[in-house]
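Visitor: here is the input, now give the coordinates:
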Amino acid sequence: MTNDEDLSAPDAPADADSPAADPDSLFVGIFDRTGKFRSVKPLSRASLSAVQAAIDQLPEEDKSTAQSRRRSTPIPAMTSGHKTPLPGTEHFLVLTGSFGPSIEKQPSLWGDGGFDLLTPSGSLRIEGQTLKENTWLQHYVARELGPEGLKDLAGLLDVYIFLTKGRHQKQDVEVTAKQVLQRIGREGHADDNDEQDRLLNTAFYLARSYVVVHSSTQKRTTPLLVLESVIEDTDGNKTLRYHLGQDFFDALFGTTPRHYALPTPRVIGYHSVKSQHELLLSFFLGNRLALGKGHCSLYFVTVCTQSALYALERLLRGEKNRMRDAMQVIYALERLEQDELIVRSPHEDVDAILAVNLCLDPTTESQLAPATLSRIQRILPGLKGYQTKTLNAKRRIALQRLLNVEASNEDIAEEIPEYSTRLTFSAGPLLQLENQDAPKEAGPK
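Guide: Below you'll find the model as predicted:
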């Protein structure tokens, strides 16, 4: 209230019959929903009961609006066995691929409008509604977009599913950034402004990203999120209101659902830098297993590039660190199998590489999945008599076969075992799949 505001009397002279002329009258302050003062009005004591009766007649939701704005819907912490459904579609594969470190970003080619981002699985259109939004999106993609955003994506989807149960595509959820961070296990950082801003940035990116579709009827998908508003109150609490885009809603809740459910606490527990291989591979292979109805076979080069971990150029012969990079992917696959997300079928080259590593360094045993360890125990006796130089040569040859780019052609059905063969995966016990080509039956059987 400013100093020149006098609440002791109304602005105009009081009429003799007005409430203000009554020495027993009351003055009522008028405030808007944000708590900001608007005006003051006189009220006679005689009319007090009538006003109270009118207030009592207001719908319950109107009387509690201010209170509900201050009190957020409680969202319980995830249990250890909690799973989050994710769309198991080619479009979602394109979107999640954009969070990989191999994505080439060329800000010098971006103009004032929207811009395209090429991912391993397709093209993504990033387009704001204003020049200011496009400038912000360019900054986000160039400097912030990375694997950590996949955790925020999972949290935003999980909270939406928890609150709406997929009842209606346009049903909004209204949650604070703090609630989402707490939901994904970031309780200790949920009040951190930088963490909240990063979550909001990811949400805005997801609301302005469209997968390019080449068909006569559709040019691009709906965004993953439709972000209706972001509000920050006087206490610094940031509230998001959003729902899912139609295409992704249909994949999760439509008549022909196509999704996969990851064990959320385990996946978001992967460090976005130290364990980014596991984080990206869990999204990538989960999606491919959903598309393949629980099975998929891919060349090792495809796994490395399509998961957006490495650009193809980095795996070519002559690249300094390509074998080290390949080893990181192999052990990440072992961890995913240890965590029961996938099951890798026996593969001569991969098993030989891991057997040599175990022979040279027994401490690597802790990094192997039980099924892998059981298989390579049969290989170890044949390696015991070799010198280190020979073992290194055997490992190098196996790695070279895995990294044979020319032979890793997914479009050709026939494999050439002398050069390279595909790795075969199936869904692990903790990866839940929903992939139906026929509509769900209504009601009980």
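
Visitor: tell me the contacts of L358?
Guide: 364-365, 368, 376, 380 (Cβ atoms under 8 Å, 6 or more residues apart in numbering). Every C-beta, even on glycine, is put in place using the N, C-alpha and C of the backbone.

Visitor: ok, R335 next?
Guide: Contacts for R335 (Cβ under 8 Å, 6+ apart) come out as 275, 278, 367.

Visitor: and it, which helix or strand is it part of?
Guide: For R335, the host element (DSSP states H and E) is helix 322-338.

Visitor: returning to that earlier point: among the contacts of L358, name the buried ones.
Guide: 368, 376 (16 or more other Cβ atoms under 10 Å).

Visitor: so which residue is smack in the middle of the chain?
Guide: Centre of the chain computed as the mean C-alpha position; nearest residue by Cα atoms, centre = their mean is L153, 1.8 Å away.

Visitor: so which elements touch the one helix or strand that residue maps to?
Guide: Under DSSP H and E, the secondary-structure element containing L153 is helix 148-164. Contacts of helix 148-164 with other secondary structure elements, assessed using 3 or more Cβ pairs under 8 Å, 6 or more residues apart in numbering; DSSP states H and E, are made with strand 83-87, strand 173-176, helix 177-183, helix 193-207, strand 238-244, helix 264-268, helix 276-291.

Visitor: could you point out which element follows the last one?
Guide: Pointing back at helix 276-291 there. Following helix 276-291 in sequence, per DSSP H and E, is strand 295-298.

Visitor: if you count neighbours, what's buried in that following strand?
Guide: By neighbour count, and taking 16+ other Cβ under 10 Å as the criterion, the buried residues in strand 295-298 are 296, 298.

Visitor: packing partners for that strand?
Guide: In terms of contact count using 3+ Cβ pairs under 8 Å, 6+ apart, strand 295-298 is assigned the packing partners helix 276-291, strand 423-427.

Visitor: need the contacts of L358 in JSON lines (columns: distance to E187).
Guide: JSON lines is the format used below for those (distance: Cβ to Cβ, whole Å):
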{"residue": "T364", "distance to E187": "34"}
{"residue": "E365", "distance to E187": "34"}
{"residue": "L368", "distance to E187": "33"}
{"residue": "I376", "distance to E187": "40"}
{"residue": "L380", "distance to E187": "45"}
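
Visitor: tell me the one of the contacts of L358 nearest A355?
Guide: For the contacts of L358, the minimum distance to A355 (Cβ to Cβ) is 4.1 Å, reached by I376.

Visitor: count residues in the vicinity of the closest residue to that closest one other than its chain neighbours, would you?
Guide: Distance criterion Cβ to Cβ, 6 or more residues apart in numbering; nearest residue to I376, sequence neighbours excluded, is A355 at 4.1 Å. As a burial measure, the neighbour count of A355 was computed by other Cβ atoms under 10 Å and equals 25.

Visitor: tell me which helix or strand A355 sits in.
Guide: Assigning secondary structure by DSSP H and E places A355 in helix 348-360.

Visitor: in that helix, what counts as buried?
Guide: Along helix 348-360, the positions that meet the burial threshold by neighbour count (16+ other Cβ under 10 Å) are 349-359.

Visitor: okay, the angle between it and strand 423-427?
Guide: Regarding helix 348-360 and strand 423-427, their directions subtend 90 degrees when assessed with axes from the mean of the first three to the mean of the last three Cα atoms, to 10 degrees.

Visitor: tell me the average confidence for the next helix or strand after helix 348-360?
Guide: Scanning forward in sequence from helix 348-360, with DSSP H and E defining helices and strands, the next element found is helix 370-376. Helix 370-376 shows a mean pLDDT of 97.

Visitor: which helix or strand lies directly C-terminal to helix 370-376?
Guide: Next helix or strand after helix 370-376 toward the C-terminus (DSSP H and E): helix 388-402.

Visitor: contact partners of that following helix?
Guide: Under the contact criterion Cβ under 8 Å, 6+ apart, helix 388-402 has outside partners 300-301, 317, 323, 326-327, 348-350, 352-353, 356-357, 359-360, 383, 386, 418-420.

Visitor: and it with strand 423-427, angle?
Guide: Regarding helix 388-402 and strand 423-427, their directions subtend 70 degrees when assessed with the same axes, to 10 degrees.

Visitor: could we number from 13 for the rest of this?
Guide: Will do, 13 is the new start, and the previous item becomes helix 400-414.

Visitor: export helix 400-414 to CSV, keeping only CA atoms.
Guide: C-alpha atoms of helix 400-414 as CSV (Å, rounded to 0.1, in the frame of the first residue of the first chain):
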residue,chain,number,x,y,z
THR,A,400,49.9,-60.7,-23.1
LYS,A,401,50.9,-59.6,-26.6
THR,A,402,49.0,-62.5,-28.2
LEU,A,403,45.9,-61.8,-26.0
ASN,A,404,45.9,-58.1,-27.0
ALA,A,405,46.1,-59.2,-30.6
LYS,A,406,43.1,-61.5,-30.2
ARG,A,407,41.1,-58.7,-28.6
ARG,A,408,42.1,-56.2,-31.2
ILE,A,409,40.9,-58.5,-34.1
ALA,A,410,37.6,-59.0,-32.4
LEU,A,411,37.1,-55.3,-31.9
GLN,A,412,38.0,-54.6,-35.5
ARG,A,413,35.3,-57.1,-36.6
LEU,A,414,32.8,-55.3,-34.4
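
Visitor: list the buried ones in it?
Guide: 403, 406-407, 410-414.

Visitor: rewinding a little: of the contacts of R347, just say which sits nearest to V279.
Guide: E290 (8.2 Å).

Visitor: surely that closest one and E346 touch.
Guide: No: taking contact to mean Cβ atoms under 8 Å, the distance of 9.8 Å between E290 and E346 leaves them out of contact.

Visitor: what sits against the residue nearest to the centre of the chain?
Guide: With Cβ under 8 Å, 6+ apart as the criterion, the residues that contact L165 are 108, 111, 214, 218, 236.

Visitor: what of V192?
Guide: Taking Cβ under 8 Å, 6+ apart as the criterion, V192 is in contact with 164, 167-168, 171, 211, 252.

Visitor: would you mind measuring from the nearest residue to it once chain neighbours are set aside to F261?
Guide: If the residues on either side of it in the chain are set aside, V192 comes closest to G167, at 4.7 Å by Cβ to Cβ, 6+ apart. The spacing between G167 and F261, counted by Cβ to Cβ, to the nearest Å, is 18 Å.

Visitor: which one of the two has more residues nearby?
Guide: The residue with more neighbours, out of G167 and F261, is G167; 27 against 22, by other Cβ under 10 Å.

Visitor: how much space between that one and L252?
Guide: Here G167 is placed at a distance of 11 Å from L252 (Cβ to Cβ).

Visitor: ok, I115 next?
Guide: Separation of I115 from L252 (Cβ to Cβ) stands at 25 Å.

Visitor: sorry, back to before: most tightly surrounded among the helices and strands packed on strand 307-310?
Guide: When neighbours are counted by mean count of other Cβ atoms under 10 Å, the highest per-stretch mean among these falls to helix 288-303, a mean of 24.
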